[in-house]
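Peer 1: Just the structure for this:
(2 chains)
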2 protein chains.
Amino acid sequence: MSDTSLIASEALPRGFKFAAVKAGVKPSGKPDFAVAVAQRIASAAAMFTANRVQAAPVTIGRRHLERSSGLLRAVAVNAGNANCATGAAGLRAAERVCAAAAETFGCEGHEVFPSSTGIIGVPLPEEKLVKALPEVKRRLAATPEAFSQFAQAILTTDNRAKIAHATMEAGGKQVRVAGVCKGAGMIHPQLVSPSAPGASGSGPGLHATMLVFLFTDAAVHPTALDRYLRETVEVSFNRISIDGDTSTNDTVLLLASGESGADIWADDAEFARALKEVCTSLAKQIVADGEGVTHVVELQIEGAASDADALKVAKAIAHSPLVKTAWAGCDPNWGRLMAATGYSGAAVDPEKIAIWFGDLQICVDGGRSPAYDEHAAHQYLQQLEYSIRVALGVGEGRCRFWTSDLTAEYVRINGEYST
Amino acid sequence: MSDTSLIASEALPRGFKFAAVKAGVKPSGKPDFAVAVAQRIASAAAMFTANRVQAAPVTIGRRHLERSSGLLRAVAVNAGNANCATGAAGLRAAERVCAAAAETFGCEGHEVFPSSTGIIGVPLPEEKLVKALPEVKRRLAATPEAFSQFAQAILTTDNRAKIAHATMEAGGKQVRVAGVCKGAGMIHPQLVSPSAPGASGSGPGLHATMLVFLFTDAAVHPTALDRYLRETVEVSFNRISIDGDTSTNDTVLLLASGESGADIWADDAEFARALKEVCTSLAKQIVADGEGVTHVVELQIEGAASDADALKVAKAIAHSPLVKTAWAGCDPNWGRLMAATGYSGAAVDPEKIAIWFGDLQICVDGGRSPAYDEHAAHQYLQQLEYSIRVALGVGEGRCRFWTSDLTAEYVRINGEYST
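Peer 2: Now for the predicted structure:
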């Protein structure tokens, strides 16, 4: 696994070509249109935001996956315009980009998966994307450079491209998994399967959204692929939060080309591990690149009445402005952790709560630990990345969750009125 | 009704004396011990934080109310120390202050209601409070000045004292209602009756908490008083949020002396109105004095499937860092309102959502209103106080909710490591 922005050639999943071009959607003039094309039809699985207000490409992507029975040839992603709050025209625009891409790459419109991120309430300049398709086609390449350019073109407020990869062996064959993602704010993904309930429709998205595109050259049936994706997303992207705001555009797409020749059936622990490695790395990279973030915190909740209760505690802590601002100031204010735990809704016996910062015990039996050393605690919190463990002492439920501090810089980024 | 810090003599509920002294708990040396004594036994009702981690005075206050069957003689409030994360010693300390106060004022220990706010994890210097009781007794007075000093002494990070009052007539007699409160951060009260489920126990509280003390000279049976309080708190203190953090110490206490000679039975609309007027004023004053707050926003949610759904939408909006930072920048970013509405958990049809800033329609049918004028919207949001209305168009559910923006100053106040 690696987080560098250029992966080794042998790590790139076979059977895909990538390209990114400047279509003229981003006002900055930077690359803003990224396309991946599978040489042959690929198995696909996706998860979408649980937000009941959803952008046009989410609606169309869900529709195409259903119509194609989980078999896709291409994904077309633009940054700079979220195609949101654009009504029926937005849906048509997303469809037209897919149709034009299908013509360009020789497939059906519903075998193209659209994705958008950027400003809202502005009609998608579909003609710019359509016009850029011939250049996309010319540039398509199965190279780490093209893959890296794909990763770069989908960014909005991110500071850096996010790439991860992993490999495994199956039946003597090398299987590759690699992924890219974007997202720096409005990050509290709550992804559900396309079949899960949730009103579809168009509505405003926002500047920041989480988009994740995963590729593997394993041969996996769409049904199995969907299950692998759901299980992995649940413990990676659904376990991060920067600001607790769930976007209207969040999307995770996984394509499997089969080009490795390795058949992966259900319950392959090695494939699950490789996919989880990639997704966990990408999820953490999102938090680390979060808007204004100066500390990345791994929360380890244990001893809860259930895993669901552990997640409630993690989310209450991760969404508490008082906890997050204390982290920004490296302030070992464990009382705020206790308070958030108390109002999380989880079953709690205050006198059984224990808290550690890394190996430093801070709180025991709901009170300050005799071993508490404020100076050491303060120093520990000065690290860029650290872990906080909360043990509830009432059961076996547990979870891991990654989140960030809340800084004045976050307020500046999101409070500046720039129009 | 008035929000000034000194009320007219005729507005002060009869039958109570007030005092505040410097007991030496606040490091600043400011007044930090406030006491109110009823001349005769008074009816009492209280509501406490729903946080499952609760400070010692919350536990003792609940216990005393139960033991006295809702009849109290005094309330003793200290600021500067929250008596939290202080374990069994904290409970004993709260009891000892009550016992000493009872001896001083001539009543039973369980007829004294304790309350604390301030730093946590530090033993309550009970001896300082006990030692100050004779001076408290000397200073007790049924005057607006003494009432105002009470209001001042309970403050912590607040910038100003918060007082409100109202009057009504019953059976030809004048009835007075007046209240004071404190709170500027960790404000998302979720108050429940003492009888509601919730583990009691001691745990760390924090520097900021909401404490509310209400007084009336109406004669009301404790049972009726409890019902008036619950109904009023539900639409006032339980309808505000500054940062979404629910404190471990939140307390609202209502005392009725009966001194006006006016009997108030259940379902007295006038008494309910007067109490609501006072509580709504105090609740709004808390938001306006919130840490770093530069804008107070009244949310009006309507057309929801139920009142509970309307409240979900209000809370999602009020707790969204992206919405709150946009308000700080006077940015009419209605897409963030749409997104928060979408993930609130309320039943939503995105294409039926309409949004107004005051009288300015911003969004209609889930998209930008043809009448949208960005400059006007930006100007509207520059006001110190304004209202935002979100109509869901799916039912008759509605609510009002008051909240604030999130500024860099809030981050500074809560992120500074000062120990």
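
Peer 1: Relative to the whole chain's centre, how far out is stretch A:182-193?
Peer 2: Relative to the chain's own centre, stretch A:182-193 is displaced by 6 Å; criterion: C-alpha atoms, centre = their mean, to the nearest Å.

Peer 1: end-to-end on it?
Peer 2: 20 Å (C-alpha to C-alpha, to the nearest Å).

Peer 1: near chain B at all, it?
Peer 2: Yes: residues of stretch A:182-193 contacting chain B under C-beta under 8 Å from any C-beta of the partner chain: A:185, A:186, A:190. To be clear about C-beta, it is placed using only N, CA and C from the backbone, and glycine gets the same treatment.

Peer 1: For the last one, give me its contacts.
Peer 2: Remark: with contacts taken as C-beta atoms under 8 Å, 6 or more residues apart in numbering or on different chains, residue A:190 is in contact with A:49, A:50, A:51, A:238, A:246, A:250, B:343.

Peer 1: Neighbour-wise, which one of the residues you listed leads?
Peer 2: residue A:51 (32 neighbours; other C-beta atoms under 10 Å in any protein chain shown).

Peer 1: looking at it, that one is touching residue B:339, isn't it?
Peer 2: Yes: Residue A:51 lies in contact with residue B:339 (C-beta atoms under 8 Å); the separation is 6.3 Å.

Peer 1: Need the overlap of contacts for the two.
Peer 2: With C-beta under 8 Å, 6+ apart as the test, residue A:51 and residue B:339 both reach A:246, A:247, A:248.

Peer 1: Go through these and name the one nearest residue A:356.
Peer 2: Using C-beta to C-beta, residue A:246 comes nearest to residue A:356 of the shared contacts of residue A:51 and residue B:339, at 29.5 Å.

Peer 1: In the stretch 51-200 of chain A, what residue comes closest to chain B?
Peer 2: residue A:53 (3.0 Å; C-beta to the nearest C-beta).

Peer 1: By proximity to chain B, which residue of the stretch 251-400 of chain A wins?
Peer 2: Here the stretch 251-400 of chain A gets closest to chain B at one residue, residue A:342, 3.0 Å apart by C-beta to the nearest C-beta.

Peer 1: How about the secondary structure of that residue?
Peer 2: helix (DSSP: H, G, I helix; E, B strand; the rest coil).

Peer 1: so what's it closest to, chain neighbours aside?
Peer 2: residue B:53 (3.0 Å; C-beta to C-beta, 6 or more residues apart in numbering or on different chains).

Peer 1: Can you get me a residue count around that neighbour?
Peer 2: 33.

Peer 1: Could you list the low-pLDDT ranges of the stretch 51-200 of chain A?
Peer 2: A:195-200 (pLDDT under 70).

Peer 1: One more pass at 80, please.
Peer 2: A:85, A:120-121, A:195-200 (pLDDT under 80).

Peer 1: residue boundaries of the helices in it?
Peer 2: A:56-67, A:87-105, A:126-139, A:144-153 (DSSP state H, counting those that start in this stretch).

Peer 1: Same list as before, those helices that is, but in a markdown table and with mean neighbour count and distance to chain B included.
Peer 2: Listed next are those as a markdown table, based on neighbours: other C-beta atoms under 10 Å in any protein chain shown; distance: least, C-beta to the nearest C-beta, whole Å:
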| stretch | mean neighbour count | distance to chain B |
| --- | --- | --- |
| helix A:56-67 | 23 | 10 |
| helix A:87-105 | 20 | 5 |
| helix A:126-139 | 18 | 18 |
| helix A:144-153 | 22 | 23 |
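
Peer 1: Show the pLDDT at residue A:418.
Peer 2: Confidence at residue A:418, expressed as pLDDT, is 58.

Peer 1: coming back round to it: now the contacts of residue A:190 in CSV, with secondary structure and distance to residue B:412?
Peer 2: CSV is the format used below for the contacts of residue A:190 (DSSP: H, G, I helix; E, B strand; the rest coil; distance: C-beta to C-beta, whole Å):
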residue, secondary structure, distance to residue B:412
A:49, strand, 33
A:50, coil, 34
A:51, coil, 31
A:238, helix, 32
A:246, coil, 27
A:250, coil, 31
B:343, helix, 29
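
Peer 1: Among the residues you listed, pick out the one closest to residue B:314, please.
Peer 2: residue B:343 (13.5 Å).

Peer 1: so what's the closest one up against?
Peer 2: Per C-beta under 8 Å, 6+ apart, neighbours of residue B:343: A:50, A:51, A:52, A:53, A:190, A:245, A:246, B:316.

Peer 1: hmm, which two among these are most spread apart?
Peer 2: The widest separation within these (C-beta to C-beta) is 14.2 Å, between A:52 and A:245.

Peer 1: distance between the ends of stretch A:117-125?
Peer 2: 13 Å.

Peer 1: buried set for it?
Peer 2: Using 16 or more other C-beta atoms under 10 Å in any protein chain shown as the test for burial, stretch A:117-125 gives A:117, A:118, A:119, A:120, A:121, A:122, A:124, A:125.

Peer 1: pretty sure the residue nearest to residue A:342 is touching residue B:250, no?
Peer 2: No: under the criterion of C-beta under 8 Å, residue B:53 makes no contact with residue B:250, lying 11.7 Å away.

Peer 1: Just the strands from the stretch 201-350 of chain A, written as ranges.
Peer 2: A:211-216, A:240-241, A:251-256, A:296-304 (DSSP state E, counting those that start in this stretch).

Peer 1: Pairing partners for the second one, with directions?
Peer 2: Strand pairing for strand A:240-241, determined by DSSP bridges: strand A:397-404 (parallel).

Peer 1: Tell me how far the partner strand lies from the chain's centre.
Peer 2: Per C-alpha atoms, centre = their mean, the centroid offset for strand A:397-404 relative to its chain is 15 Å.

Peer 1: now the following helix or strand past that strand and strand A:397-404, what's the angle there?
Peer 2: Sequence-wise, the next helix or strand downstream of strand A:397-404 (DSSP states H and E) is helix A:408-415. Relative orientation of helix A:408-415 versus strand A:397-404 (axes from the mean of the first three to the mean of the last three C-alpha atoms, to 10 degrees): 80 degrees.

Peer 1: tell me what helix A:408-415 is packed against?
Peer 2: helix B:321-328, helix B:408-415 (3 or more C-beta pairs under 8 Å, 6 or more residues apart in numbering or on different chains; DSSP states H and E).

Peer 1: if we can go back for a sec, now the strands of the stretch 201-350 of chain A in CSV, please, with extra columns for distance to residue B:389, mean pLDDT and mean neighbour count.
Peer 2: Formatted as CSV, the strands of the stretch 201-350 of chain A follow (distance: least, C-beta to C-beta, whole Å; pLDDT from 0 to 100; neighbours: other C-beta atoms under 10 Å in any protein chain shown):
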stretch, distance to residue B:389, mean pLDDT, mean neighbour count
strand A:211-216, 32, 98, 29
strand A:240-241, 29, 96, 25
strand A:251-256, 31, 98, 28
strand A:296-304, 37, 98, 22
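
Peer 1: got the contacts of residue B:343 as TSV, with distance to residue A:323 columns?
Peer 2: Formatted as TSV, the contacts of residue B:343 follow (distance: C-beta to C-beta, whole Å):
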residue	distance to residue A:323
A:50	24
A:51	24
A:52	28
A:53	28
A:190	20
A:245	17
A:246	19
B:316	19
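
Peer 1: from these, which is closest to residue B:148?
Peer 2: When the contacts of residue B:343 are ranked by distance to residue B:148 (C-beta to C-beta), residue B:316 comes first, at 37.9 Å.

Peer 1: thought that closest one was touching residue B:344?
Peer 2: Yes: contact criterion C-beta under 8 Å: residue B:316 and residue B:344 qualify, at 3.5 Å.

Peer 1: List the contacts of residue A:173.
Peer 2: A:260, A:261, A:262.

Peer 1: which of the residues you listed are close to chain B?
Peer 2: Okay, of the contacts of residue A:173, nothing touches chain B (C-beta under 8 Å from any C-beta).
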